[in-house]
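J.: Starting from these lines, generate the structure:
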Amino acid sequence: MNVCRDPNTPIEITLGQTITISLKSIPSTGYVWKTEYDTNMIELIKPPKFIPHSPAIGAGGEEIFEFRVKQFGETQIKMKYIREWERTPRDIKLFNVYII
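T.: You can find the predicted model right below:
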């Protein structure tokens, strides 16, 4: 399993392996990470999971996404940190994926 936190580091992965993307998040503010990706190349294999950094109410933590690669090639996973009721994301992260 590859755990990715930095979109500036390309992801090189073998066909059939999984990618885990972990991003800082504070869902109590209304912001969550939304994904965009080519479903022919990769698939989200589990619902996103939030792991808080502390037991305090409203604490920040990590939002975890697990993907499986499905075919050879190059693709991108776009992560948008956005409130569902807003049009403009607070942050966008682009992860480049190279499947060998």
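
J.: Next, the buried residues of the lengthiest strand in the chain.
T.: Identified as the longest strand of the chain according to DSSP state E is strand 73-83. Within strand 73-83, the residues scored as buried using 16 or more other Cβ atoms under 10 Å are 75, 77, 79, 80, 81, 82. Where you see a C-beta, it was placed from the backbone N, CA and C, and this is true even at glycine.

J.: Identify the neighbouring strands of that strand in the sheet and state each direction.
T.: Strand 73-83 sits in its sheet next to strand 31-36 (antiparallel), strand 91-99 (antiparallel), going by DSSP bridges.

J.: ranges for the helices of the protein?
T.: Taking DSSP state H as the criterion, the chain carries no helices.

J.: Quick one: the buried residues of strand 73-83 as CSV, columns for pLDDT and distance to residue 18 too.
T.: CSV is the format used below for those (pLDDT from 0 to 100; distance: Cβ to Cβ, whole Å):
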residue, pLDDT, distance to residue 18
75, 96, 15
77, 96, 13
79, 96, 16
80, 96, 22
81, 96, 22
82, 96, 25
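
J.: between those residues, which is closest to residue 45?
T.: Closest to residue 45 out of these is residue 77 (13.2 Å), distances taken as Cβ to Cβ.
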